[in-house]
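Novice: Got a predicted structure here, sequence first:
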Amino acid sequence: MNNGVNGVALTVFIIFFLAVTVMGFLAARWRRSENDSLDEWGLGGRSFGTWITWFLLGGDLYTAYTFVAVPAAIYAAGASGFFAVPYTILVYPLIFTFLPRLWSVSHKHGYVTTSDFVRGRFGSKGLSLAVAVTGILATMPYIALQLVGIQAVLDVMGVGGGEDTNWFVKDLPLLIAFGVLAAYTYSSGLRAPALIAFVKDTLIYIVIAVAIIYIPIKLGGFDDIFAAAGEKFSKINPATDKPVGALAPGSAGTWTYATLALGSALALFMYPHSITATLSSKSREVIRRNTTILPLYSLMLGLLALLGFMAIAAGIQVQNGQLAIPQLFEDMFPDWFAGVAFAAIGIGALVPAAIMSIAAANLFTRNIYKDFIRPDATPQQETKVSKLVSLLVKVGALAFVLTMDKTVAINFQLLGGIWILQTFPALVGGLFTRWFHRWALLAGWAVGMVYGTVAAWNVESPAQKHFGGSSAEIPGIGQIGYIGMTAIVLNVLVTVVLTFVLRALKAPDGVDETAPADYTADAGDRGVRTELPAVGTGH
């Protein structure tokens, strides 16, 4: 590992960072309307076309954490880390069925968040609040992990000194990066990450294309790479008396692998930042078109995952697995191209962190501040509150990174995936049917949240007593599976049973402000958002 500062790599990194900073501030003038509303600041005026939306959604999917953590999982445990590849394939047919419907009804009624839709569909502020709080809780550690990605790159470049260095000096580069991110997000809103996403994805494609060709040549080819990985994974872990990993997944891990892939696919577009990027597009057709071309990212992810095997063959030894890939780039690439690779990771953190903070701020503003604190807030006041909350969200994420162990941040992110999955019945179910009762959906959400949190708390690992992973025994089956999938099955069962009971008791149902035609509406069919439910359709 480099014990000093890699001046060349750092210079290249700074040049790219300055370039995207300038772009971030210039984005405030890009397609800007005089209308000071959340539609403009938080959704880019709902004006993005196919390619901008594609890069923006890609910015959500391929974060710095993805770039670092997916190959790091392969580096640590082998083929089990490849679950990320099938889940990004499963997700696209899924979102093709419901994202266009969500875009249409949101465009028609002026919905900015998923909670806006849930409130309008089921006439329930309580259910809307549950979805909003879940979204904010699940997003916070996700933002923190983007900062962890930047910190990993800075550590490998030798910036900030060693562990014994004064905390302020050590964390100053991260503080600067955070300050710049906060400033241009506040100024430009969603337009900033949309513009920067072009640079980010271009750099990532270049780095992966070069890495997948150049590094194997230096290491003697893929035969040698897989041989080195197989040798490492065959060694016995003294803590478990089992091999440390597997080059190919065994039958014992089938349930874990399958449920984790399926659960992750169901959860991915429940995250607020994914929906924010979706609602920023200008037409229903843009969404449909994007679901057909986004699988190109899955191909890239498969190649990215192979970097984990390359790190093993290159003899990378790090205590923190998140440093494995940055260290691989440092050791394998010329200094100038290592700087390009580090810039790809760093910028890959800025884009999603900006979108996530905007999405979390929109949830707070629309579904907590406006619904419960100031119902008469004007669009200008909503925008002002959202801008301020986006700063607070970033401050919270930064404090999380600087004060807590990185393993804790990763565990909270795993928990975030379990939590956000519990909003699936209300959101996706609500897009196709009004049959579910609002109180049943709220009870099902609560059961899924409690079970998922308690089950994750009880998972131990050799390194820690609680939150040691996201898989546990599935009740009644005896197999190890993803906790989030077990939780959502319980969620749905409770929702269905209670819906039958509540409808039999003729419990009061909320009023649906949407109409069947709203779910297929396109650009030009925009209606005026009603503050109170107006139409009951029961469809």
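Specialist: Yes, it's here.
Novice: so where does residue 475 fall, helix or strand?
Specialist: In this structure, residue 475 sits in neither a helix nor a strand according to DSSP states H and E.
Novice: Check whether residue 510 sits in a helix, strand or coil.
Specialist: coil (DSSP: H, G, I helix; E, B strand; the rest coil).
Novice: With residue 372 as the reference, measure out to it.
Specialist: 17 Å (C-beta to C-beta, to the nearest Å). C-betas here are computed from N, CA, C, even on glycine.
Novice: At which residues are the helices of the stretch 401-539 of the chain located?
Specialist: In the stretch 401-539 of the chain, the helices defined using DSSP state H, counting those that start in this stretch lie at 406-421, 424, 430-432, 438-457, 483-504.
Novice: lowest-confidence stretch among those helices?
Specialist: Across the helices of the stretch 401-539 of the chain, helix 406-421 has the smallest mean pLDDT, namely a mean of 77.
Novice: Residues contacting stretch 25-32, please?
Specialist: 40, 44-45, 47, 183-184, 187-189, 191-192, 194-196 (C-beta atoms under 8 Å, 6 or more residues apart in numbering).
Novice: quick check: angle from the longest helix seen in the chain to helix 438-457?
Specialist: Ranked by residue count, the top helix of the chain under DSSP state H comes out as helix 125-157. Angle, helix 125-157 to helix 438-457, by axes from the mean of the first three to the mean of the last three C-alpha atoms, to 10 degrees: 30 degrees.
Novice: which residues are in contact with the helix or strand just after helix 125-157?
Specialist: For helix 125-157, the following helix or strand on the C-terminal side (DSSP H and E) is helix 167-188. Identification of contacts with helix 167-188 by C-beta under 8 Å, 6+ apart yields 17, 21, 24-25, 27-28, 30, 147, 150-151, 154, 159-161, 163, 192-193, 346, 350, 353-354, 357-358, 387, 390-391, 394-395, 398, 401-402.
Novice: Measure how buried the nearest residue to residue 368 once chain neighbours are set aside is and give me the count.
Specialist: In space, and not counting its chain neighbours, residue 368 is closest to residue 132: 6.1 Å by C-beta to C-beta, 6 or more residues apart in numbering. Burial of residue 132 is recorded as 28 neighbouring residues (other C-beta atoms under 10 Å).
Novice: For residue 132, give me its contacts.
Specialist: 113, 115, 363, 364, 366, 367, 368.
Novice: so the first one touches residue 360, yeah?
Specialist: I take that to be residue 113. No. Counting by C-beta atoms under 8 Å, residue 113 stays clear of residue 360, with 9.8 Å between them.
Novice: which of the two has more neighbours?
Specialist: residue 360 (31 against 28).
Novice: Quick one, grab the pLDDT at the more buried one.
Specialist: For residue 360, pLDDT reads 93.
Novice: quick one: it and residue 143, what's the gap?
Specialist: Taken as C-beta to C-beta, the span from residue 360 to residue 143 is 8 Å.
Novice: re earlier: ok, residue 510 and residue 372, which is more surrounded?
Specialist: Shown here are residue 510 and residue 372; by other C-beta under 10 Å, residue 510 has more neighbours (20 against 10).
Novice: For the closest residue in space to that one that isn't next to it in sequence, report the pLDDT, please.
Specialist: Excluding the flanking residues, the one nearest residue 510 by C-beta to C-beta, 6+ apart is residue 123, at 2.4 Å. Per-residue pLDDT puts residue 123 at 93.
Novice: what does residue 276 give?
Specialist: 90.
Novice: Tell me how many other residues surround it.
Specialist: By other C-beta under 10 Å, the burial measure for residue 276, its neighbour count, is 27.
Novice: thinking it is in contact with residue 358, fair?
Specialist: Yes. The criterion here is C-beta under 8 Å, and residue 276 meets it with residue 358 at 6.3 Å.
Novice: Return every residue with contacts to both of these two.
Specialist: Common neighbours of residue 276 and residue 358 (C-beta under 8 Å, 6+ apart) are 42, 190.
Novice: Need the residues touching each of residue 360 and residue 143.
Specialist: Joint contacts of residue 360 and residue 143 (C-beta under 8 Å, 6+ apart) are residue 393.
Novice: Can you show me the helices along the stretch 201-350 of the chain?
Specialist: 222-233, 254-268, 272-279, 284-293, 296-305, 307-313, 324-332, 335-364.
Novice: For residue 417, find the nearest of those.
Specialist: Shortest distance between residue 417 and the helices of the stretch 201-350 of the chain, using C-beta to C-beta, is found for helix 254-268: 5.1 Å.
Novice: List the buried residues for the closest one?
Specialist: Using 16 or more other C-beta atoms under 10 Å as the test for burial, helix 254-268 gives 255-268.
Novice: I'd like these as JSON lines, with pLDDT and distance to residue 489 appended.
Specialist: Formatted as JSON lines, these follow (pLDDT from 0 to 100; distance: C-beta to C-beta, whole Å):
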{"residue": "255", "pLDDT": "87", "distance to residue 489": "13"}
{"residue": "256", "pLDDT": "86", "distance to residue 489": "16"}
{"residue": "257", "pLDDT": "84", "distance to residue 489": "18"}
{"residue": "258", "pLDDT": "88", "distance to residue 489": "14"}
{"residue": "259", "pLDDT": "90", "distance to residue 489": "10"}
{"residue": "260", "pLDDT": "88", "distance to residue 489": "14"}
{"residue": "261", "pLDDT": "88", "distance to residue 489": "16"}
{"residue": "262", "pLDDT": "91", "distance to residue 489": "11"}
{"residue": "263", "pLDDT": "91", "distance to residue 489": "10"}
{"residue": "264", "pLDDT": "87", "distance to residue 489": "15"}
{"residue": "265", "pLDDT": "88", "distance to residue 489": "15"}
{"residue": "266", "pLDDT": "91", "distance to residue 489": "11"}
{"residue": "267", "pLDDT": "90", "distance to residue 489": "14"}
{"residue": "268", "pLDDT": "87", "distance to residue 489": "18"}
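Novice: Let's have these in TSV, adding distance to residue 313.
Specialist: Conversion of the buried residues of helix 254-268 to TSV gives the following (distance: C-beta to C-beta, whole Å):
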residue	distance to residue 313
255	30
256	26
257	24
258	29
259	31
260	26
261	26
262	31
263	31
264	28
265	30
266	35
267	33
268	31
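Novice: Taking those, tell me the two that lie furthest apart.
Specialist: 255 and 268, at 20.3 Å, using C-beta to C-beta across these.
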